[in-house]
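S.K.: can't give you the sequence, but here's the structure:
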Ligand SMILES: Nc1nc2c(ncn2[C@@H]2O[C@H](COP(=O)(O)OP(=O)(O)OP(=O)(O)O)[C@@H](O)[C@H]2O)c(=O)[nH]1
Ligand SMILES: [Mg+2]
């Protein structure tokens, strides 16, 4: 069974008799690319889910600058190895492409190089899959040198097994979604050049990675908290609220591709380093995850995660699941995590908020945009930070002013008593990361506890 939907339009779609050759991409073109979306329901993916996934794909296409002119889905027991969808459906899709004037077909699932080639031949328009679309968005949104290198690496690794594709028959180098970004100039080069470029990129990224590691080492005694979550959940907005900074936050997917770290004081002597980083999405391309290693290290090395989710989103539960799964995949599972259910100001349905509170009893509910619930979040963070603190009591010679000053720097002194003429008794509270330093001091000097 399959459904076609033609989205309402002001003017009838132009009829086309041949492939639209070399239409440039949105940013250099007066026209947006016109895209048809295709999804497939399988025994694992329900019809309802396909619709929701296509909603998200539409958002992605829109972020990439395409105008979605229709969507189609089909129910199948098994995937067709040659065309992904059935041959009859390919013919229907071909008619649909002609009728709608689409010049791009986007599949929600990953296609093999052979499937793309067959589909492009049959449909005579460019065919891309979800991975290629996401890579394209990352490419157009990358701002820093590091993000650009990371995206280029991911694009080239995606491209490499597909180089046998007839890149010229649709003049892909002319631009458009799936062809933009730093990888663009490489499209017409051969595998050897691509491999060389991949090696160079890996080398450059390793260098950046080493710099990052040094930077992070300098912060190793700080408590590090990382914002994680589905793209567009409101991580950057929350970062701005908590730290008073101005990280870019906007209603688009993947607004953030780099990591920003800011100091946040939870209490006068309770400082944390808060990191805002790239968001996750269902089926985040594996190449991207791999090439964003140093960006994601921030998450991997965090002491505490703030998992921000959009409580007003219809797929809240699925999005939370995707983020948890991705965290496990990057080796950041099992960390102390606070679930933050954001955008409660957008929940209109009566009773929904109390239902969510019952469903997620440990979550903090807030609105980052309106500044609701932030105090509770700070309080919970403070409790979590302090839960690892330990107390130590000892006496030291009053003459050792240097050590005394050092202890005051790294620990919170709860009691300071001058005991015998030359002895000071201290009771201190120490963060887990400073505990080792204090214990070493005690052992080295043989001070009694
Ligand atoms: N109504 C409402 N909108 C919010 C809230 N928090 C964030 N937003 C909006 O949601 C959109 C996305 O916010 P961002 O902070 O950019 O989200 P993000 O998680 O950083 O997204 P990426 O960086 O793209 O992964 C923006 O338009 C925000 O204004 C909230 O509490 N309520
Ligand atoms: Mg962001």
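M.R.: Arrived safely. It should be emphasised that the depicted structure is a prediction, and the values quoted were computed from it without experimental measurement. Ligands and ions are numbered 1, 2, ... in the order given.

S.K.: C-alpha from now on. contacts and neighbour counts both.
M.R.: OK.

S.K.: Show me where the chain has its helices.
M.R.: For the chain, the helices defined by DSSP state H cover 47-63, 87-100, 113-123, 130-141, 145-159, 191-217, 235-243, 286-291, 293-300, 316-329, 352-359, 374-387, 401-410, 432-445.

S.K.: Remind me what the last one packs against, helices and strands.
M.R.: The elements that helix 432-445 packs onto, with contact taken as 3 or more CA pairs under 8 Å, 6 or more residues apart in numbering; DSSP states H and E, are strand 390-397.

S.K.: Flag every buried residue along the strand it packs on.
M.R.: 392, 393, 395, 396, 397 (16 or more other CA atoms under 10 Å).

S.K.: what do you get for stretch 131-148?
M.R.: Going by neighbour count (16+ other CA under 10 Å), the buried part of stretch 131-148 is 131-142, 146-148.

S.K.: Kindly report the same for stretch 436-443.
M.R.: Applying 16+ other CA under 10 Å to stretch 436-443 flags 438, 442 as buried.

S.K.: try stretch 63-82
M.R.: Neighbour-count burial for stretch 63-82, counted by 16+ other CA under 10 Å, picks out 63-76, 82.

S.K.: so the closest residue to ligand 2 within the stretch 301-449 of the chain bridges to which residues?
M.R.: For the stretch 301-449 of the chain and ligand 2, the shortest gap (CA to the ion) falls at residue 308, measuring 10.8 Å. Here residue 308 sits in beta bridges with residue 229, residue 340, going by DSSP bridges.

S.K.: Check what pLDDT it gets.
M.R.: Predicted confidence (pLDDT) for residue 308: 98.

S.K.: before we move on, what about residue 410?
M.R.: Value listed for residue 410 in the pLDDT field: 80.

S.K.: unless I'm mixing things up, it is touching residue 433, no?
M.R.: No - at 9.7 Å, residue 410 does not count as touching residue 433 under the criterion of CA atoms under 8 Å.

S.K.: Looking at these two, which is more packed in?
M.R.: Comparing residue 410 with residue 433 by neighbour count (other CA atoms under 10 Å), the higher total belongs to residue 410, at 18 against 15.

S.K.: Apart from its chain neighbours, what residue comes closest to the more buried one?
M.R.: Take residue 410 and drop its neighbours on the chain: the residue closest to it by CA to CA, 6 or more residues apart in numbering is residue 434, 6.7 Å away.

S.K.: count of neighbours near the one you found?
M.R.: So residue 434, with other CA under 10 Å, has 17 neighbours.

S.K.: Can you spell out the domain ranges of the chain, please?
M.R.: 2-139, 220-386, 389-445 (automatic domain parsing).

S.K.: what residues are up against residue 320?
M.R.: Taking CA atoms under 8 Å, 6 or more residues apart in numbering, we find residue 320 in contact with 229, 230, 309.

S.K.: Any figure for the gap between the last one and residue 343?
M.R.: To residue 343, residue 309 is 8 Å away according to CA to CA, to the nearest Å.

S.K.: Neighbour count: these two, which is higher?
M.R.: residue 309 (26 against 22).
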